[in-house]
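**Q** Next one to model:
(one chain, ligands or ions: 1)
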Amino acid sequence: MTESTFYEIPIEIRALKTASVYVVRTDSKTFLIDSGMRPSTEKELNEQGLDTGEIDGIILTHLHVDHIGGAMSIKKHHGSSIVMGRKDAELCLRIGEDPTGYLGFLESYYRSNGVSKEVLDQLVTDHPMRMEYARYNELEVDQMVDDAARPLNDPQMNLLMTPGHSPGSISPYLGNGEIFVGDLVLRTITPNISFYDESTDMLSIYLESLAKLKMLNFSRVNPGHGAPFSDLNTRIGEIEAHHRHRLDEVLGIIGHQSATAFQVTLQMKWSRGRTFESMNEFERNFAFGEAVSHIRKLTHDGLAEPHEKDGITYFRA
Ligand SMILES: [Zn+2]
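**A** Residues are numbered from 1 along each chain as shown. Model prediction:
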């Protein structure tokens, strides 16, 4: 028998407001899936009636701060083991050890993709990753998982590798048809697809993960934000349509004249009529990342090509 319980933890991200965490009890172990944004998650869970002392393992679906922030304090208090996808764990380690190096990569990438000096200073200074460095530095992962691994060797806890929202996103699932998807599929917003290195086509990787998920017919989806839901394939269909639409939009923008990724960001239509100017630093970073991931897929698919002028990369259809 397995049993899962859903908890909602307040977070400081205005578009989301809460993060969802889950407690899964198998015959032999208790797992926490994701951990909210702050060490205060533990207190929050205690207040909602959970004895955090029973947690054997904390599975982190991906490396974003609103999912990993509460893990270390629970581990310190109760000796729970932290389980994470290998690529995300390694990226956390790399950024934690050399935050300046990663910021330097971002800065030069923004600059060579046409971000103006003024916006660049703000984007790098207020980059969401900056807040995560402290957590990355202290994070101690006990089990880095790849394909076919089982968290804490529990035969009832399975894992699906579902990269795309981050390089090493994982989705734990149970034999009863329940899956815990992190931010791979969300009910009310489209998960942000961005970039973590110079060239990986994250959007194609993400769409492949969605396709894989669709084949498996899960009956209950436990997302990283919001309440559990059941009609997974309908929601995946909507997200796929959204990206097809956005790919067309970007292709249209660079079809008229070549443009940098930053110029594309400025011209794209964002949800709820927002403009780049009206976004906060978080949202600006997400918007630029979205533009980049769509341009990379178009380039990967042979529909766009880059060319360089004075050290700046432009794209044309
Ligand atoms: Zn999240």
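
**Q** Please give the element, helix or strand, for the residue most central in space within the chain.
**A** By CA atoms, centre = their mean, the mean C-alpha position of the chain lies nearest to H165, the distance being 3.9 Å. Here H165 sits in a region with no helix or strand, counting by DSSP states H and E.

**Q** before we move on, what about the one 10 residues further on?
**A** Under the assignment given by DSSP H and E, G175 is not contained in any helix or strand.

**Q** what sits against the residue nearest to the centre of the chain?
**A** With contacts defined as CB atoms under 8 Å, 6 or more residues apart in numbering, H165 is in contact with H62, G182, D183, L184, P191, N192, I193, Y206. The way it works is simple: take the backbone N, C-alpha and C, and place the C-beta from them, glycine included.

**Q** The residues you listed also near the ion: which ones?
**A** The overlap between those and the neighbours of the ion (CB under 5 Å from the ion) comes to D183.

**Q** Narrow the contacts of H165 to those in strands?
**A** Of the positions in these, G182 sit in strands, assigned by DSSP state E.

**Q** Check the contacts of H165 against the ion and report the nearest one.
**A** Using CB to the ion, D183 comes nearest to the ion of the contacts of H165, at 4.4 Å.

**Q** Hmm, that closest one is touching L60, no?
**A** No. Under the contact definition of CB atoms under 8 Å, D183 does not touch L60, with a separation of 11.8 Å.

**Q** neighbour count winner among the two?
**A** Neighbours per residue, other CB atoms under 10 Å: of D183 and L60, the larger number sits with L60, 26 against 23.

**Q** Would you map the helices across the chain?
**A** Counting by DSSP state H, one finds helices in the chain at the ranges 41-47, 65-68, 71-78, 86-97, 99-112, 117-125, 128-138, 202-215, 232-256, 261-267, 281-300.

**Q** Most tightly packed of these?
**A** Counting by mean count of other CB atoms under 10 Å, helix 65-68 has the highest mean neighbour count of those, with a mean of 25.

**Q** Look through the stretch 201-317 of the chain and state the residue closest to the ion.
**A** Closest point on the stretch 201-317 of the chain to the ion, by CB to the ion, is G224, at 4.7 Å.

**Q** Neighbours of that residue, how many?
**A** Other residues within reach of G224, judged by other CB under 10 Å, total 26.

**Q** do the same with D231
**A** D231 is surrounded by 11 other residues when neighbours are defined as other CB under 10 Å.

**Q** where does it fall, phi/psi-wise?
**A** Recorded main-chain torsions at D231 are phi -90, psi 70, according to degrees, to the nearest 10.
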